[in-house]
Structures are given as structure tokens and as C-alpha cells.
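J.: Let's see this in three dimensions:
(2 chains)
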Amino acid sequence: MSAIQIMFWVLTVIALGSALMVLLSKNPVHSVLWLIAVFFAISGHYILLNAQFLAIVNLIVYAGAIMVLFLFVIMLMNLNKESEPPKNVWMKLAGVIAAGWFLSVLSFLINQAPELHNRTVQLKDGNIGLIENLGKVLFTSYLLPFEISSVLFLSAMVGAVVIGKKD
Amino acid sequence: MPIQYYLYLSLALFSIGIAGVLTRRNAIIIFMSVEIMLNAVNLLLVAFSKMHYAKDVISNSASMVGTDGQLFVFFIMVVAAAEVSVGLAIIVMMFRNTHSVDVNFLNRLKN
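T.: Numbering: from 1, shown residues only, chains lettered A, B, ... in the order given. The predicted structure follows:
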């Protein structure tokens, strides 16, 4: 087993374990911290795939901005106590069974799909994930979506202020 | 690394997100589960982009196949950031009205 495979498995275990802990933690603040661990593991996967731009953007946007926003809201509402009333155990069981059923059906499909046989993902090499190549494509063929996303941000900003202000 | 490994990893992460949405009642935890699902899809898009690149780069060493997939991930992150800002504002408004973030108290939209 090469070093890259070992890193893949370590990152996979961290990502899945932390994602489970997000659900199992009673305290919402602990959930946020576990979610940051998930994002770091996924950024590690991006680095392993040599998608360096996305790895950094994932860290800055998700682990940096979005999670700080979550933490702010949780602390603002003083939710950092374990106050969730127990849910009906049958509802929980039904949710877990539904998710497990989805998992088993789709893993069966992945197992069967002929298009995916003998296809490999290139790790560590390849320069399409570098910011130079992505930037060239982003500012030529994807220029219009890029500019429209600024309008989206503006409307999101206005919407957040309008919804969040005291009426 | 075979593509199947990445597919199973993303599928497992997505299923964990689904289980979170279905089992938890705290609106913020549900929101975080949605973020896990978004990230599972992002990881899969990057893995597929590198899969197509790996096939194309054999015949053409200056290949740019696969940049589209990574730019889609970039745009998904842009949309997720906007979505989180509006969603958290809605949760704050909801908490101000009902003094709770329990989604079971939200089964009616009026009061």
C-alpha cells in the first residue's frame, strides 16, 4: 500500500467519522466543530486529487466563513446547551432505514455500472486543478455565470438583511 | 485509485447527510447535514473531473478536459455561501418568533 493510498484511507476515515459525530453530538457547538473536521478532511482529499484551488477555497469559504456564521448564530441564540427533546424513536429508526436503503441501492448500482469498470482517478499529478488553468477557463467561457454570481451574492446580502432585521 | 472508492465515499457522506436531515430536529443541525450532502457532491465532481482528465491526458498531454467539473464545484460553493447567509437569517427570524429551533414547532407557517 503506497503512501497515497494510506493518506486516502486516513482522510476517508476522518471524513466519515466526523460526519457521523456531527449527527451524534448532542451539543450543537460540538456538531459545528466536527463539521469543520469534515471540511478539513475533504480539503485533504482535494489536495490528494491535486485540485489545489478548490482545496484552498473549500477551507476559506466553508471552514472559514460559513462555519463562523454557524457558530455565531448558535452562540447568539444561546443554543449551546443540550436541549433537544427526545424524538420519537420510531421516527429516528425510519430515518436511518431510509438513508441505509438509499445507500444500499446506490452502492448496488455503482457495483453494476459498466461505465465505471477499470476507470481510475488520477491522484497527485495533473495540472487542471491549478489556479492558472481554472482562472483561464473561468474568465473566458464561464465569464457570464461568474458575473451573475455577483448579482446572486448581492441579492443574498439584501435578503439576509431584510429577513434578519427586527420588524 | 479506482473511481469506485470515491463513489462509495461520496455516497456514504451523502447518506449520512440524509440520515441527519431525517433524524434530527434542531434546524441548525439539519442545515449542517445539507452542507455535508453538498460537500459529498463536490468531492464526487472533482473525482470525476480527474477521471476524465486521466483518460484524455494519455493522448493529449496539454489536455484541459475536466476543468469544467472543478468550476462547477466553485459555483456550487458560491451558491452554498449565499444559501447559508439567507438560511441562517431565516433560522434567526424563526427563533425570534418561536424561541426555539425545533422543526416540530414549525409545522404551521403562521405563528
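J.: what's the neighbour count on residue A:126?
T.: Residue A:126: 20 surrounding residues under other CB atoms under 10 Å in any protein chain shown. Just so you know, the C-beta spots here come from the backbone N, C-alpha and C atoms, and that holds for glycine as well.
J.: Let's verify it: helix, strand, or coil?
T.: coil (DSSP: H, G, I helix; E, B strand; the rest coil).
J.: what's it sitting at in phi/psi?
T.: phi 90, psi 130 (degrees, to the nearest 10).
J.: Could you do residue A:128 as well?
T.: phi -80, psi -20.
J.: and if you look at residue A:120?
T.: phi -120, psi 150.
J.: what's the answer for residue A:122, then?
T.: phi -80, psi 120.
J.: any idea how far stretch B:63-70 is from the chain center?
T.: 20 Å (CA atoms, centre = their mean, to the nearest Å).
J.: Enumerate the positions of it that are buried.
T.: Of all the residues in stretch B:63-70, those buried under the rule 16 or more other CB atoms under 10 Å in any protein chain shown are B:63, B:64, B:65, B:66, B:67, B:69, B:70.
J.: Now look at it and say if it contacts chain A.
T.: Yes - on the criterion CB under 8 Å from any CB of the partner chain, stretch B:63-70 is in touch with chain A at B:63, B:64, B:65, B:66, B:67, B:68, B:70.
J.: Just the ones of the buried residues of stretch B:63-70 in helices?
T.: Applying DSSP state H to the buried residues of stretch B:63-70, the entries found in helices are B:67, B:69, B:70.
J.: so can I have JSON lines of the residues you listed showing pLDDT?
T.: What follows is those, written out as JSON lines (pLDDT from 0 to 100):
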{"residue": "B:67", "pLDDT": "86"}
{"residue": "B:69", "pLDDT": "87"}
{"residue": "B:70", "pLDDT": "89"}
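J.: wait, which of these is closest to residue B:37?
T.: Nearest to residue B:37 among those: residue B:69, at 17.8 Å, using CB to CB.
J.: ok, and the closest non-adjacent residue to that closest one?
T.: residue B:49 (3.0 Å; CB to CB, 6 or more residues apart in numbering or on different chains).
J.: What ranges does chain B have for its helices?
T.: B:3-23, B:27-56, B:67-98.
J.: Walk me through the domains of chain A.
T.: A:3-129, A:130-167 (automatic domain parsing).
J.: Pull out the buried residues from the last one.
T.: By 16+ other CB under 10 Å, the buried positions in domain A:130-167 come out as A:133, A:134, A:137, A:138, A:142, A:149, A:152, A:156, A:160, A:163, A:164.
J.: just checking, the first one touches residue B:64?
T.: Yes - Residue A:133 is in contact with residue B:64 according to CB atoms under 8 Å; the separation is 6.5 Å.
J.: mind checking how far residue B:60 is from chain A?
T.: Residue B:60 sits 12 Å away from chain A, going by CB to the nearest CB, to the nearest Å.
J.: ok, so what distance separates that residue from residue B:34?
T.: Distance of residue B:60 to residue B:34, given as CB to CB, to the nearest Å: 39 Å.
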